[in-house]
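*Asks:* Sequence and computational prediction follow.
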Amino acid sequence: MPVSGFTPVIVSNNSSSSMAVSPPNCSSPLPTNCLPQQNGQNVEMDCISLSSKVSSAEQMISDSDLMDDFSNQLSISPKSTSDLKDSERREMEMCTAMFDNWTHGKQTEFVQNLVESMSFHQHERIYSILLPLLQRDFVTQLPGKGLHHVAYKILTYLDEKSLCRAELVSSGWYRVIADGMLWKRLIAWKVKTDPVWSGLAERRGWGQYLYNITTPPENTEAHQYFRKLYPGIIHDIKTMQENWLNGNHTLTRIECHSENSKGVYCLQYDEDKIVSGLRDNTIKIWMRNDMSCTKILTGHTGSVLCLQYDERVIVTGSSDSTIRVWDVDTGQMLNTLVHHCEAVLHLRFNDNTMVTCSKDRTIAVWDINTASDIILRRVLVGHRAAVNVVDFDEKYIVSASGDRTIKVWRTSNSEFVRTLHGHRRGIACLQYRGNHVVSGSSDNTIRIWDVECGACLRLLEGHEELVRCIRFDDNKIVSGAYDGTIKVWDLKAALDPRTPASNLCVKTLSEHTGRVFRLQFDDFQIVSSSHDDTILIWDFLDPSPTDSNEMEVVPSEGIVNKLPLQKLPSEDPGSPDDIQFPIQETEAQVGPSSPSFSKSTNTKQNSPS
């Protein structure tokens, strides 16, 4: 029967709420033109469908109310056993007794069925009961079971901040950390993996307590000694970094007393000694403990321009065109190599390979079998002027010349790879390390290169004269120039193209009274040599408390006042030509660069180039 209009009303089971729903876009009572003009059956089906949707909406509201009831119940503590009736308590006791008589398997199965039949808020309550029961303080329990080493091993993975927090967990945790000497282990690991920590252990003297049975000083409990030592080490490192930025240092001066012509062309150092090559044709070895000269090696008939040593031998190159090998302990000459027809300007050796370069425009690659058995392997030709410096690792040989270019060769087969162009005048020095080459030139600039693609990454300007020596590590570049200054540059900032050029030079050091010929540095110090016939040691770990520029003169002949920068005559062998550099004598870029120096040196920049 046709229906002319309707207004369905659905009353929920909850007497407190009801809902009346009318078809959309229709008023009540409905006019007949609002209904679809179909048979009565279709209209009735539409009404039933609408009624079903309304019922579903009401059910959702009812479920929402039920969830609110659950939430309210979660915050209400369950009824305690004291509130139970006697009959309920007896029933629970009977169930517990039956449960205790079952096997573990049956108990587990029963509990599983019981949990599955529970509601959500009951699960939440059970979880809160089980959670603390499942937790175990294994750190304090392992030592009680004879597994001290396991607890120590677990906590050794903590860094210093986490170890401090672990000490505050409980007295049990503190006792495990103390008994396991974990602060000592952390310091020992730092010393093993970080050259800064290793150097501090040597310089401060606390390294002896890490590996020996020596008792810490002042009768201090061992754990407390290392616990207090750690922040002291951190303070030393932070202070030293600030000293580099501010230029605070203690300066020690070694007077070399050259007999004929003055000038220290090359040097290399370690924690025990400094080996220097002089313009008076000699090699002098100085002890670091008292800065005394213990050996003078003679044999070259020209200025000693370059040198490198390891724990066995010293290898030197000279303007007399020869390369000589000396015993590092006795000073005895072991071998003389004659190949280059002009001055040997630079050399490097690593394991069984040595590379030398000369004013004769060639590079020689040598195989080292023994100190007395060194064989020429290959001669590299390509530069159009004197080859002033070479550096290499297992991948590349990198050379720089007075022809303004840097050339890259493959170490394995001596194959030429590429040429780096950019400097406007001859290149006096470079260092190759990782993927970077840093070079200094007679155009007074420093350039940072990507060795793989040959691109110049940054140009550093600041020196007023030729940049004669340069070294770099992961954080900084240190350069010395003919203007008598040493500059410290921020390498990381230089590699960021957004850094302004004015922010790249961290500090300028001016103590030499002549041209700076050679320098090396590590995290604690710079050691430099000059035409003023001195070697200066700049110590940034323990700066002078009164005057950062106060210097100690060795041998003790009184304080040497700083003199105006000496302007050397143009005929001096170290002077550059207008295009080709140098004309006559140029020292090599010396410094340990291979694993063979690891026993003699403790400096980061002396790692393999």
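*Replies:* Structure received. Because the structure is predicted, anything quoted here is derived from the model rather than measured. Numbering: from 1, shown residues only.

*Asks:* what bits of this structure have low per-residue confidence?
*Replies:* Residue ranges of the chain with pLDDT under 70: 1-82, 213-214, 217-219, 545-609.

*Asks:* which SS state does the residue positioned nearest the centre of it fall under?
*Replies:* Most central in the chain under C-alpha atoms, centre = their mean is D474, positioned 7.6 Å from the mean C-alpha point. Using DSSP: H, G, I helix; E, B strand; the rest coil, the structure places D474 in coil.

*Asks:* For it, give its distance to V488.
*Replies:* According to C-beta to C-beta, to the nearest Å, D474 and V488 sit 14 Å apart. Glycine gets a C-beta too; all of them are placed from N, C-alpha and C.

*Asks:* what does L84 give?
*Replies:* Relative to V488, and taking C-beta to C-beta, L84 is found at 81 Å.

*Asks:* same deal with S479?
*Replies:* 8 Å.

*Asks:* With G172 instead?
*Replies:* 49 Å.

*Asks:* the more surrounded of L84 and V488?
*Replies:* Ranked by neighbour count (other C-beta atoms under 10 Å), L84 and V488 place V488 first, with 21 against 13.

*Asks:* which SSE is that one in?
*Replies:* Element membership for V488, per DSSP states H and E: strand 486-490.

*Asks:* Name the strands paired with that strand and say parallel or antiparallel.
*Replies:* strand 476-481 (antiparallel), strand 505-509 (antiparallel) (DSSP bridges).

*Asks:* now, of the ones you listed, which is deepest in the fold?
*Replies:* Stretch with highest mean neighbour count among the strands paired with strand 486-490: strand 476-481 (a mean of 25; mean count of other C-beta atoms under 10 Å).

*Asks:* need the contact list for G299.
*Replies:* With contacts defined as C-beta atoms under 8 Å, 6 or more residues apart in numbering, G299 is in contact with 324, 333, 336.

*Asks:* Just the ones in strands from those, please.
*Replies:* With DSSP state E as the criterion, strands contain 324, 333, 336 from among the contacts of G299.

*Asks:* Look up how far R378 lies from the first one.
*Replies:* Look at R324 and R378: by C-beta to C-beta, they are 21 Å apart.

*Asks:* higher neighbour count, the two?
*Replies:* R324 (22 against 14).

*Asks:* what pairs with the more buried one across the strands?
*Replies:* T316, T336.

*Asks:* count of neighbours near the closest residue to R312 other than its chain neighbours?
*Replies:* What sits nearest to R312 in space, not counting adjacent residues and going by C-beta to C-beta, 6 or more residues apart in numbering, is V328, at 6.0 Å. Using other C-beta under 10 Å, V328 has 17 neighbouring residues.

*Asks:* Surely V328 and L307 touch.
*Replies:* No. V328 lies out of contact with L307 (C-beta atoms under 8 Å); the separation is 11.1 Å.

*Asks:* what residues are shared contacts of these two?
*Replies:* Listed as contacting both V328 and L307 by C-beta under 8 Å, 6+ apart are I314.

*Asks:* Let me see the backbone angles for E342.
*Replies:* Backbone dihedrals for E342, given as degrees, to the nearest 10, come out at phi -140, psi -170.

*Asks:* I'd like to know how far it sits from D320.
*Replies:* Applying C-beta to C-beta to E342 and D320 gives a distance of 10 Å.

*Asks:* can you check G105 too?
*Replies:* Here G105 is placed at a distance of 94 Å from D320 (C-beta to C-beta).

*Asks:* M287: which of the ones in strands among the contacts of G299 is nearest?
*Replies:* M333 (21.3 Å; C-beta to C-beta).

*Asks:* can you count the residues close to that closest one?
*Replies:* By the criterion of other C-beta under 10 Å, M333 has 16 neighbours.

*Asks:* Equivalent analysis for the one 3 residues further on, please.
*Replies:* With neighbours defined by other C-beta under 10 Å, the count for T336 comes to 11.

*Asks:* got it, and the one 3 residues further on?
*Replies:* For H339, the tally of surrounding residues (other C-beta under 10 Å) stands at 16.

*Asks:* quick revisit: between G105 and D320, point out the one with more neighbours.
*Replies:* For G105 versus D320, neighbours defined as other C-beta under 10 Å are more numerous around D320 (19 against 8).

*Asks:* Setting aside sequence neighbours, what's the nearest residue to that one?
*Replies:* G302 (3.5 Å).

*Asks:* hang on, the one you found in a strand?
*Replies:* No. Using three-state DSSP, the assignment for G302 is coil, not a strand.

*Asks:* What is the burial count for it?
*Replies:* 18.

*Asks:* Also C95?
*Replies:* When counting by other C-beta under 10 Å, one arrives at 11 neighbours for C95.

*Asks:* where does N352 fall, phi/psi-wise?
*Replies:* According to degrees, to the nearest 10, N352 has phi -110, psi 20.

*Asks:* Does it touch W366 like I think?
*Replies:* No. Between N352 and W366 there is no contact under C-beta under 8 Å: 9.2 Å.

*Asks:* Give me the more crowded residue out of those two.
*Replies:* In this view N352 and W366 are compared by other C-beta under 10 Å, and W366 has more residues nearby, 21 against 12.

*Asks:* Go ahead and list the helix or strand containing that one.
*Replies:* W366 belongs to strand 362-370 when assigned by DSSP H and E.

*Asks:* Moving C-terminal from that strand, which element do we reach first?
*Replies:* Trace forward from strand 362-370 with DSSP H and E and the next one is strand 373-381.

*Asks:* what pairs with that following strand, and is each one parallel or antiparallel?
*Replies:* Going by DSSP bridges, the partners of strand 373-381 are strand 362-370 (antiparallel).

*Asks:* Appreciated, that's everything.
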